[in-house]
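In: following is a predicted model, sequence given first.
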Amino acid sequence: MTHSITRWLITGLAALAPALAAAETGVTNDRILVGQAAVFSGPAAQLGIQMRNGILSYFNYVNERGGVNGRKLELVTEDDGYDPARAQAASRKLIEEKKVFGLLGYVGTPTGTEHIKVTAPAKVPLVGMFTGAEALRVPMSRYIFHVRASYYDETEKIVEQVLSVGGKKIAVFYQDDGYGQAGLQGVQIAMNKRNLKIDALGKFERNTLKVEEAVKSINAVQPDAVVMIGAYAACAAFIKQMKAAGSAATFYNVSFVGSTSLASALGKDGVGVAISQVVPFPWGTAVPVVKEYQSAATKSGYKDFNFGALEGFLVAKVFVEGLKRTGKNLTREGFVDALEKMQDYDAGGFYVSYSPKNHAGSKFVDLTIISHDGKFLR
Amino acid sequence: MALKLPFIGRDAKADAKPAKSKAQAAPRAAGMAGRPLPLIGRMTTGKQLQILTGLLVLFLAADAVIVALDTRQGNFGTQWIASVGKIQMLSQRLAKAAQQASQGNREAFKQLRESRDEFGSLMKVLADGGVLAGVSLPPTPEAVRPALESLNREWLKTEKNASLVIGEEKNLVALGQAVRSINNNNPTLQELADEISALSVQQGGSARQNQITSQMMMLTQRMAKNANTMLAEEVVDPEVAFLLGKDTNTYRDTLQGLLQGSDSQRISRVSDAELRGKLGELESSFKDYQVAVANILGNQQRLVNAKRATRDIFNQSENVLTAAAQLSAGYEKDQEKRQVNFVALGVVSLLAFVMLLLVGKVYIDDSRHRMEDSEKQSRSNQDAILRLLDEIGNLANGDLTVRAKVTEEVTGAIADSINYTIDELRRLVTGITSAATEVTAATQQAQNVTGQLLQAAQKQSNEIQGTGRVDGGALSLRVKTKTPAGPREETVSGSLAQAVSSTKKG
């Protein structure tokens, strides 16, 4: 009884607080509206969908426990179709029409670079972008926080792995845009560091499956390994065609590819395809946050665990942690300050660190490979 | 005629015997005996015997050749089939050796090389011929070639793969050693990792540090397992190599992180001296380990190729075996052709035997012929004489138109002489007849003249009687008649005698 009275009092006070503190956009007494502009259609749709499912899993989990400071989290999404031309409008819509407090779980490099042209000047905090491109990290924006390692971290790990398993000839297959360039740049840096050169290049247009030219130019050098900077549909098409052409190369993808989507698109051809990951292994239970994710996702009805959703889950968790640390008086600036003070935040075996000079968040990279039964091994 | 003549003398003697021997021989030899042989039957006995004996020798020689050939063929067949048996054995040995070799077993390489070389040389002998077990074998016969070709196709694949494995000997042996070194190092590594993990917990290390050190224990096991799997398994799983490489890197990074601290791994530098000592030991042990793993992974492609080749050899060994079995069956079937030899041997032997019989038959026939000939001769002589007598029977009755037939028989010459005689006789008689006719004609004429003279004389006498000078005139008439028509009645008989003598002379 006393407990419920206390709760009532708190809720009552909380309801008064925003009114006193000139309420922030998207924040009411019982609700925080956040937005996600990502890809929900086209050949890369799964990337946005998985991300959203992960976010929703965690939001549901938090909301079930009363939300953050009594405010329930609400997510509005906007589809940018993984099309840079639609990106700015999508973000603007979220900010201006939907009037969200903050943004999270964005997907993609070329779209991301367009999105931040709207979000950063609007001083709307954006947490967690499903991209590791350097262009979104440097120069650092006060309003953008990353939860994952960069593509440079991933490609460095991949190159190290290729060389340590005896690979000599390395080719790069990349999407012909900012994302692909970022990955290619990463491979280049890792190779230069070791005084090595990339043996062949092949590229394809975003949102297409036109990989024939790339197959031709890359298979011509018979590489030991191909580092792939693309999304699952095109990457799967490329791998299949390479294997059909008799290539014995090992294929390495960066996390953005969409691991489970790639594995299911490849089917039998997926065996031995490696993917670098920037979040823990979603099927294990040794890492506490993964266990948390699994139970939350299951409760929300997302029974197929995957890397993308776990990343969404982690992004949501970091976002919520920021909200918590900001406190009752929630403002965008306060939220950014709270995040910048977040040092060594343990999200459950996954660590995130921010500072006013560093918004990279994590350098965690793990390598996984698709096994014979289509599962991931790490 | 001249040939038969000498036998004539035996006719009388053989006269009784043929009748007897004929009676015995005829029913026994029925169709064959006595009948002349086809083709050569018209030749002389000597020639026939020569030919038959020649054929007999020929057939016996052919028999000998067939036996020799058959023995040779039998010998080849045995060698071929034995070679295929050896090939079958080698295909299994090869597969086994390749499997062992791909796991870096040095001894297996020796076996593999030997098996491959022996297999190859056997195939070469089968294809091109050559000396095998002291027997100089000819190339495999055409009929068995297709089976040999199909075995050869399988063999070439196996040979290629075997050579590939052999070519990787150095690397594969090195790999075997690397894995052995990992296995040797592993207990030490595991023990150290175990101690470090325990020590970290005992000394109240951070949760992260405890987690990392216990992870190192897991990694030690997994690396050893994967290294062994890579070498032992038939197929090199990409994931095995991948994890081996990844684990080695993680292990190295973790060790470094613990010793020096790492931001990216969120590991702080271990400060405890005892723990640091153990970590140092682990680091030095791990160095060998790392070299071994790098060796394995660096030669991964070779290992993959060798394994694939080994697997292919194994998979093909069944095909090789089948093809070899078919080849063996082919040789056996080819050996069945030796039945033809046996048949030929039988036929030729039979022919030789027939020749022997024919030689006998020719001999017997010959003697019988001789007997029959003399018998026939005497009979025909008899007949000829009778016929001659028959023919000239009418001669006795004065028929000079009779002619004896001149034959080649004994009586031919006699008939000829008789005919000559008859001819002469006939000519004589004809001459006499024509002379008689002439005399008759002349007599008639003389009669006519005489008649006329008589008439004339009567007329004259009548006239003389009328004139008186009758004596003178009668004398001159006598002279006159003497010249053209002969004298009168008395004188006519004189001139007939004269005509007969002139006819005689003509």
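Out: Received it, and whenever you're ready, just let me know what you need.
In: A:Asn253 reaches A:Val273, doesn't it?
Out: Yes - assessed by C-beta atoms under 8 Å, A:Asn253 is found in contact with A:Val273 at 6.9 Å. C-beta here means a position set from N, CA and C on the backbone, and glycine is covered the same way.
In: which one of these two has more residues nearby?
Out: Counted by other C-beta atoms under 10 Å in any protein chain shown, A:Asn253 and A:Val273 do not tie: A:Asn253 has more neighbours, with 30 against 27.
In: quick check: residues of the stretch 301-450 of chain B near chain A?
Out: Within the stretch 301-450 of chain B, the positions near chain A by C-beta under 8 Å from any C-beta of the partner chain are B:Gln301, B:Val304.
In: one more pass at 7 Å, please.
Out: Within the stretch 301-450 of chain B, the positions near chain A by C-beta under 7 Å from any C-beta of the partner chain are B:Gln301.
In: run through the helices of the stretch 301-450 of chain B in chain order.
Out: B:338-391, B:412-467 (DSSP state H, counting those that start in this stretch).
In: of those, which stretch is the most buried?
Out: Stretch with highest mean neighbour count among the helices of the stretch 301-450 of chain B: helix B:338-391 (a mean of 15; mean count of other C-beta atoms under 10 Å in any protein chain shown).
In: just say helix, strand or coil for the residue in chain A positioned nearest to chain B.
Out: Going by C-beta to the nearest C-beta, chain B is nearest to A:Gly272 of chain A, at 3.0 Å. Following DSSP: H, G, I helix; E, B strand; the rest coil, the label given to A:Gly272 is coil.
In: ok, B:Leu49 touching B:Val362?
Out: Yes - between B:Leu49 and B:Val362 there is a contact at 5.7 Å, judged by C-beta atoms under 7 Å.
In: burial of B:Glu274, as a residue count?
Out: 13.
In: so which bits of stretch A:264-273 are buried?
Out: A:Ser264, A:Ala265, A:Leu266, A:Asp269, A:Gly270, A:Val271, A:Gly272, A:Val273 (16 or more other C-beta atoms under 10 Å in any protein chain shown).
In: okay, the residues you listed in JSON lines with pLDDT next?
Out: Listed next are those as JSON lines, based on pLDDT from 0 to 100:
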{"residue": "A:Ser264", "pLDDT": "90"}
{"residue": "A:Ala265", "pLDDT": "92"}
{"residue": "A:Leu266", "pLDDT": "92"}
{"residue": "A:Asp269", "pLDDT": "89"}
{"residue": "A:Gly270", "pLDDT": "90"}
{"residue": "A:Val271", "pLDDT": "89"}
{"residue": "A:Gly272", "pLDDT": "89"}
{"residue": "A:Val273", "pLDDT": "93"}
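In: which SSE is residue 181 in?
Out: Just so you know, I chose chain A. helix A:178-193 (DSSP states H and E).
In: my bad, chain B
Out: Per DSSP H and E, the secondary structure element for B:Ser181 is helix B:169-202.
In: that helix close to chain A?
Out: No - judged by C-beta under 7 Å from any C-beta, helix B:169-202 and chain A are separated, with a smallest distance of 11.5 Å.
In: got the angle for the very next helix or strand once past that helix vs helix B:169-202?
Out: Using DSSP H and E, the helix or strand that follows helix B:169-202 towards the C-terminus is helix B:207-232. Interaxial angle, helix B:207-232 versus helix B:169-202 (axes from the mean of the first three to the mean of the last three C-alpha atoms, to 10 degrees): 160 degrees.
In: so what secondary structure elements neighbour helix B:207-232?
Out: The contact analysis (3 or more C-beta pairs under 7 Å, 6 or more residues apart in numbering or on different chains; DSSP states H and E) places helix B:207-232 against helix B:169-202, helix B:238-260, helix B:273-298.
In: most tightly packed of those?
Out: Using mean count of other C-beta under 10 Å, helix B:238-260 ranks as the most buried of the helices and strands packed on helix B:207-232, with a mean of 22.
In: distance between that helix and the chain's centre?
Out: 76 Å (C-alpha atoms, centre = their mean, to the nearest Å).
In: how far off helix B:207-232 does it point, in degrees?
Out: Using the same axes, to 10 degrees: helix B:238-260 against helix B:207-232 is 140 degrees.
In: residues making contact with helix B:238-260?
Out: A:160-161, A:164-165, A:250, A:271-272, A:274, A:367, A:369, A:371, A:377, B:212, B:216, B:219, B:222-223, B:226-227, B:229-230, B:262, B:265, B:267, B:269-270, B:276, B:279, B:282-283, B:286, B:290, B:293, B:297, B:300 (C-beta atoms under 7 Å, 6 or more residues apart in numbering or on different chains).
In: pull out the buried members of those residues.
Out: A:160-161, A:164-165, A:250, A:271-272, A:274, A:367, A:369, A:371, A:377, B:212, B:216, B:219, B:222-223, B:226-227, B:229-230, B:262, B:265, B:267, B:270, B:279, B:282-283, B:286, B:290, B:293, B:297, B:300.
In: mind listing residues that contact stretch B:58-74?
Out: Outside stretch B:58-74, the residues that reach it (C-beta under 7 Å, 6+ apart) are B:Arg338, B:Asn341, B:Ala344, B:Leu345, B:Val348, B:Ser349, B:Leu351, B:Ala352, B:Met355.
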